[in-house]
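Novice: Here's my sequence, what's the structure:
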Amino acid sequence: HHQRVFTLVGNSALTFLVRKERAYRNDFFLCENNLCIDYIRVCDLVDDCGDATDENSCENHFLCPDGTQFLPLNQKCDGTIDCKDFSDECNGECSKRIVSGGHYRFFAWFIGSFAVVFNLESMICSLKKLKDCEKSLQLSNRTMILLISLGDFCVGVYLVAIAAIDTFVFRETYCTHQFSWLTSLKCAILGCLNTFGSQLSVFSMTSLSIHRVYGIRISNKYLNQKEASVGLKIFLSIKSVFFIVIALTISLIPLLADLEDYFVNGLAYHDSIGLFIGMADKRMNTNALSAFYGRMKDEVLSWKLINEMMYPLFSHDYNLKTGFQRKVHFYGNDGVCLFKYFVEKDDPQRIYVFVLLTINICCFIAISVCYTIIGVAAFKSSKFLAQSVGPTGQEVRQRNKKMQRRIIALIMTDFVCWVPFITICFLHHADVIDARSLYITFSIIFLPINSVINPLLYDDDASIITALKSILALCNPRGAVRRFFAVSRIEKEISREVEIIPDAANLSPAIVQARL
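Specialist: Residues are numbered from 1 along each chain as shown. I've put the predicted structure just below:
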């Protein structure tokens, strides 16, 4: 051809020189299988030669081990699985575990173990003291402390279980087996356990604070001198069962089969099925069904219908009868199996999540307001004694300062645990930040830390807790450790104030001084 020059070098390599703009140029690439392609198709992440020789020498891609996929470098370790064997996300550079990072694994074992031991001791102590409670105040306080300890104990068990499964079961193999864990019943149970414990603890703390304010503000004789009646015992039993049932219901609702269209995150298919890699959400499943069945109505399919329609696609060709797909449940959104607090604008479960977050915000506000009222009432009840000159006035002033510090400590522990977390949940939903990487931080440190602090704040009678405080006080008798653990006596001080405050205004200074 007059527009082309063909040359043969060594009987092996053929070069095409194509005439363009009065010059001959080499615009073709010769594949090892003697196929010629345009140079613009070299290093384009597509095997145009058929033997991958146009891509093998390029440095702009990551080659999946099966040799069939060339991925851009920015798709490696981007959090999205592209290779069928997960190698783009499960490799030496970015492989992950259930609890990634040595410091997180340390905190998981540390916080979980202390939460289990402290709250178990607190529960045993509360059960022993319940039968000895003669006053209404004592019985009510001890019942709520028992529920708080039960909830925090469940959170501690959850944390220890997560740490144990990460350390002894999966370790570095979790990344390639993550969907077998995220779809498992064990993950669902741990997620329910953590949610149940957290909500039971929050409801019990709120009830305890409201109960004390009611005792101060409503009746002068309420809880102070009233004996624990049978009616009160029945009421507290019903209230305890109610809190347990509500917390359990909140944790189990996302797993109900009738509500799977709201809470199931997606489907994980059998490893032999290459159509989907990783988890396939509703959109991906619907697109595959549209391509297979042809034109479909523009409507959202239910998971039940998707399961039925997907079966003919794979059952015969892959010899799969059942079990070729598994549901990624509500708690399977991350390896730590935490309640799915971080939701997107199009997540159907967002309403349920925000209702629960709103309830927790209201509980935190109620706790803060109640203990503020208790602190103000305590200050007013002893104000005239604090203004007196002498040892009595000085003692009252010092006690008021301690009370203020203890109430602030109680409020701040709840604030630090929940307010930053709830704020980040709303920022994630508003697309201001991507908070999914923070699941591990909140599930291991911020949310469970209250389960360790609560028994120190609310229960001063358990022997292990008392021994720990004594040891730390001896190690640092004048330092911050002793001052911090002194905060744990807030329950006794507040209980004492509840007895004094209601009728303090009606008593003579001498009697009030004697009570103080």
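
Novice: so who does residue 209 touch?
Specialist: 366-367, 370-371, 374 (C-beta atoms under 8 Å, 6 or more residues apart in numbering). Where C-beta positions appear, they are placed from N, C-alpha and C, glycine not excepted.

Novice: For residue 364, see how far away the nearest residue to it once chain neighbours are set aside is.
Specialist: Leaving aside its chain neighbours, residue 209 sits nearest to residue 370 (3.7 Å; criterion: C-beta to C-beta, 6 or more residues apart in numbering). Per C-beta to C-beta, to the nearest Å, residue 370 is found 11 Å from residue 364.

Novice: and if you look at residue 329?
Specialist: Between residue 329 and residue 364 the computed distance is 28 Å (C-beta to C-beta).

Novice: Compare the two and say which one has the larger neighbour count.
Specialist: For the pair residue 329 and residue 364, the greater number of neighbours falls to residue 329 (23 against 20), based on other C-beta atoms under 10 Å.

Novice: three-state assignment of the nearest residue to the more buried one once chain neighbours are set aside?
Specialist: Nearest residue to residue 329 in three dimensions, chain neighbours excluded: residue 188, at 5.4 Å (C-beta to C-beta, 6+ apart). Of the three states, residue 188 takes helix according to DSSP: H, G, I helix; E, B strand; the rest coil.

Novice: contacting residues for residue 188?
Specialist: 255, 329, 331-332, 337.

Novice: Just the buried residues from these, in PyMOL please.
Specialist: Only the buried members of these enter the following PyMOL selection, criterion being 16 or more other C-beta atoms under 10 Å:
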select buried, resi 255+329+331+332+337
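
Novice: can you put the contacts of residue 188 in JSON lines and add pLDDT?
Specialist: Output for these, formatted as JSON lines (pLDDT from 0 to 100):
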{"residue": "255", "pLDDT": "94"}
{"residue": "329", "pLDDT": "92"}
{"residue": "331", "pLDDT": "94"}
{"residue": "332", "pLDDT": "92"}
{"residue": "337", "pLDDT": "93"}
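
Novice: Return the member of the contacts of residue 188 nearest to residue 163.
Specialist: residue 337 (12.4 Å; C-beta to C-beta).

Novice: Please state the backbone phi and psi of the closest one?
Specialist: Main-chain torsions, residue 337, degrees, to the nearest 10: phi 60, psi 40.

Novice: got it, and residue 266?
Specialist: Main-chain dihedrals, residue 266, degrees, to the nearest 10: phi 170, psi -170.

Novice: Okay, strands next: where are they in the stretch 1-150 of the chain?
Specialist: Using DSSP state E, counting those that start in this stretch, the strands assigned to the stretch 1-150 of the chain run over residues 4-9, 13-20, 23-25, 28-30, 36-38, 61-63, 70-72.

Novice: Which of those strands has the lowest mean pLDDT?
Specialist: Mean pLDDT values for the strands of the stretch 1-150 of the chain show the minimum at strand 4-9, a mean of 48.

Novice: for the stretch 351-500 of the chain, what spans make up the helices?
Specialist: For the stretch 351-500 of the chain, the helices defined by DSSP state H, counting those that start in this stretch cover 383-386, 391-429, 439-441, 449-458, 463-475, 480-486, 490-500.

Novice: Which of the contacts of residue 209 lies at the shortest distance from residue 95?
Specialist: Out of these, the member with the shortest distance to residue 95 (by C-beta to C-beta) is residue 367, at 41.6 Å.
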